[in-house]
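Visitor: quick one: sequence and predicted model below, then my questions.
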Amino acid sequence: MAYLGQVGKTAFRQMKRVIPIWTNEYISGAYTSQQLLNVPINARISGNISRIESGQPAQFEPVVLFYHDTNRVISATKTDENGNYQFKYLDATDKYSVIVFPIDTDCNAYIFRNIIPVIPT
């Protein structure tokens, strides 16, 4: 297994805690089982990232998805060769933040906040 470092271990631990929604911790809140069954989890967030300097697609850049309110890491991916990224199976009632960490540029990160996922038609 690759060495993740302290930050990576923390993010990985948080991701593992978020994925299983049917835990006592989640259900013990103010949710009934009927409310949990009615949560639409078919929404998605997708986008295209281009370099500010050149306008070229940002290829294979790390992209991280967070819950907007708690800043908990949900998922991570990389852009494809055209700068596209996508996160699927999200709750359409939540807001999210997406951070892109460009490689080999003067910019530290592109931050997109208050994103509401879209249910595809």
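Guide: Yep, it's here. Note that the structure is predicted; figures quoted are calculated from it, not measured.
Visitor: for Ile45, list each beta-bridge partner.
Guide: According to DSSP bridges, the partner residues bridging Ile45 are Phe87.
Visitor: hang on, it packs against Ile119?
Guide: No - applying C-beta atoms under 8 Å as the test, Ile45 and Ile119 come out as separate, 11.2 Å apart. Every C-beta, even on glycine, is put in place using the N, C-alpha and C of the backbone.
Visitor: between these two, tell me which one has more neighbours.
Guide: A direct count of neighbours by other C-beta atoms under 10 Å for Ile45 and Ile119 places Ile45 higher, at 19 against 11.
Visitor: who are the contact partners of the more buried one?
Guide: Taking C-beta atoms under 8 Å, 6 or more residues apart in numbering as the definition of contact, the neighbours of Ile45 are 65, 86-87, 90, 96, 98, 115, 117-118.
Visitor: can I get those in a markdown table with pLDDT, distance to Thr105 and secondary structure?
Guide: Listed next are the contacts of Ile45 as a markdown table, based on pLDDT from 0 to 100; distance: C-beta to C-beta, whole Å; DSSP: H, G, I helix; E, B strand; the rest coil:
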| residue | pLDDT | distance to Thr105 | secondary structure |
| --- | --- | --- | --- |
| Leu65 | 96 | 21 | strand |
| Gln86 | 95 | 22 | strand |
| Phe87 | 95 | 23 | strand |
| Leu90 | 91 | 28 | strand |
| Tyr96 | 95 | 24 | strand |
| Val98 | 95 | 17 | strand |
| Ile115 | 93 | 22 | strand |
| Pro117 | 92 | 27 | coil |
| Val118 | 92 | 28 | strand |
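Visitor: tell me the one of those residues nearest Arg51?
Guide: Among the contacts of Ile45, Val98 lies closest to Arg51 (C-beta to C-beta), at 16.8 Å.
Visitor: quick revisit: whichever of the contacts of Ile45 end up buried, select them in ChimeraX.
Guide: The buried residues among the contacts of Ile45 can be selected in ChimeraX (16 or more other C-beta atoms under 10 Å) with this line:
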select :65,87,90,96,98,115,117
